[in-house]
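Student: Return a 3D structure for these sequence lines:
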Amino acid sequence: QVQLVESGGGLVQAGASLRLSCAASGRTFSSDSMGWFRQAPGKEREFVARINWGGSGTLYADSVKGRFTISKDKVENTAYLQMNTLKPEDTAVYYCRYSSGSLTYWGQGTQVTVSS
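Tutor: All right, here's what the predicted structure looks like:
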């Protein structure tokens with residue numbers, strides 16, 4: 001069982017930066033992965049970025065590539081999403097997801113609002 005707690009959301013103006021954190025508690029493995037997803041009002045939840053927990057491999061959605069950076073601190077068992085040059089279309093509830101084999105764990109979500 002893995003519990004996830006997100007933080008770092010807020011209201012910012014377009015062009016600003018935010019850093020989201022996702023703290024994981026419980027047993028984690030190097031073969032697992034952590035991802036960020038987001039869901040805007042009236043839209044489906046979409047993939048944002050993913051990082052391999054044991055290695056350095058990352059993957060990004062085209063819409064955030066070059067602006068967002070996912071990273072992790074294995075000592076702190078925390079993943080981060082650094083979001084730069086934010087746009088109004090980045091407004092959404094952001095969720096972290098931890099994947100371990102066939103098991104998936106979700107955080108409670110944190111609101112990011114970008115004003116124009």
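Student: wait, what's in contact with the most centrally placed residue in the chain?
Tutor: Closest residue to the average C-alpha location of the chain: Trp36 at 2.9 Å, with CA atoms, centre = their mean. Applying CB atoms under 8 Å, 6 or more residues apart in numbering to Trp36 gives the contacts Leu20, Cys22, Val48, Ala49, Arg50, Ile70, Ala79, Leu81, Tyr94, Tyr95, Cys96, Arg97. C-beta here means a position set from N, CA and C on the backbone, and glycine is covered the same way.
Student: Relative to Gly107, which of the residues you listed is nearest.
Tutor: Of all these, Cys96 has the smallest distance to Gly107: 4.4 Å, by CB to CB.
Student: Give me the helices and strands touching the strand or helix carrying that closest one, please.
Tutor: Mapping Cys96 onto the secondary structure by DSSP states H and E places it in strand 92-100. Helices and strands touching strand 92-100, by 3 or more CB pairs under 8 Å, 6 or more residues apart in numbering; DSSP states H and E, are strand 2-7, strand 18-26, strand 33-39, strand 78-83, strand 103-106, strand 110-115.
Student: Name the residues of the shortest one that are buried.
Tutor: For strand 103-106, burial by neighbour count (16 or more other CB atoms under 10 Å) applies to Tyr105.
Student: Rounded mean pLDDT for it, please.
Tutor: Average pLDDT, strand 103-106: 95.
Student: Outside of that strand itself, list whatever touches it.
Tutor: Gln1, Val2, Gln3, Leu4, Tyr95, Cys96, Arg97, Tyr98, Ser99.
Student: Quickly run through the sheet partners of it, with directions.
Tutor: Sheet pairing for strand 103-106, assigned by DSSP bridges, gives strand 92-100 (antiparallel).
Student: Closest to Ala40 out of the contacts of Trp36?
Tutor: Using CB to CB, Tyr94 is the member of the contacts of Trp36 that lies nearest Ala40, at 10.3 Å.
Student: pLDDT wise, what is the closest one at?
Tutor: pLDDT, Tyr94: 98.
Student: For it, give its distance to Gly101.
Tutor: 24 Å (CB to CB, to the nearest Å).
Student: Can you pick out the residue with more neighbours from these two?
Tutor: Neighbours were counted for Tyr94 and for Gly101 using other CB atoms under 10 Å; Tyr94 has more, 23 against 8.
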